[in-house]
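Participant: A predicted structure for the sequence below; I have some questions about it.
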Amino acid sequence: MLVDIKNLVSITEANKNFSKIARIVDENGSVVILKNNTPKYVIISYDQIAADEQLADEQLLAISRRSFNRHRAAYKELAK
């Protein structure tokens, strides 16, 4: 994950001004919250999670299709 310096926010700032954090996520897609100057938390938009899950489902379906096609004869024999 690439981190842009403008997406780094201290945990103190996040506690004081969460609306600012939400605005940054809306603009840049994510925020990295620092605790003791060390990356500790990441906030991302729900839309990004949904998009990532959809991609994972599509990848799983593609793998399943390849496996089925590779072993088609065995599945036909088992179906008898």
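Facilitator: Looks like it came in fine.

Participant: From now on I want contacts and neighbour counts done on CA atoms only, so please keep to that.
Facilitator: OK.

Participant: Extract the C-alpha set from whichever strand or helix holds Ile21 and format it as PDB.
Facilitator: Under the assignment given by DSSP states H and E, the secondary-structure element containing Ile21 is helix 18-28. Coordinates of each C-alpha in helix 18-28 appear next as PDB, following Å, rounded to 0.1, in the frame of the first residue of the first chain:
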ATOM      1  CA  PHE A  18     -13.100  13.200  12.700                       C
ATOM      2  CA  SER A  19     -15.000  15.100  10.000                       C
ATOM      3  CA  LYS A  20     -11.600  16.200   8.700                       C
ATOM      4  CA  ILE A  21     -10.600  12.500   8.500                       C
ATOM      5  CA  ALA A  22     -13.800  11.600   6.600                       C
ATOM      6  CA  ARG A  23     -13.100  14.500   4.200                       C
ATOM      7  CA  ILE A  24      -9.600  13.200   3.500                       C
ATOM      8  CA  VAL A  25     -10.900   9.700   2.900                       C
ATOM      9  CA  ASP A  26     -13.500  11.100   0.500                       C
ATOM     10  CA  GLU A  27     -10.800  13.000  -1.400                       C
ATOM     11  CA  ASN A  28      -7.900  10.500  -1.300                       C
END
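
Participant: Could you list the low-pLDDT ranges of the protein?
Facilitator: Low-confidence segments of the chain, defined by pLDDT under 70, are located at 1-4, 55, 75.

Participant: Which strands and helices lie in contact with the helix holding Ile21?
Facilitator: Counting by 3 or more Cα pairs under 8 Å, 6 or more residues apart in numbering; DSSP states H and E, the packing neighbours recorded for helix 18-28 are strand 30-35.

Participant: coming back round to it: what's the angle between the helix holding Ile21 and strand 30-35?
Facilitator: Helix 18-28 and strand 30-35 are oriented at 140 degrees to each other (axes from the mean of the first three to the mean of the last three Cα atoms, to 10 degrees).
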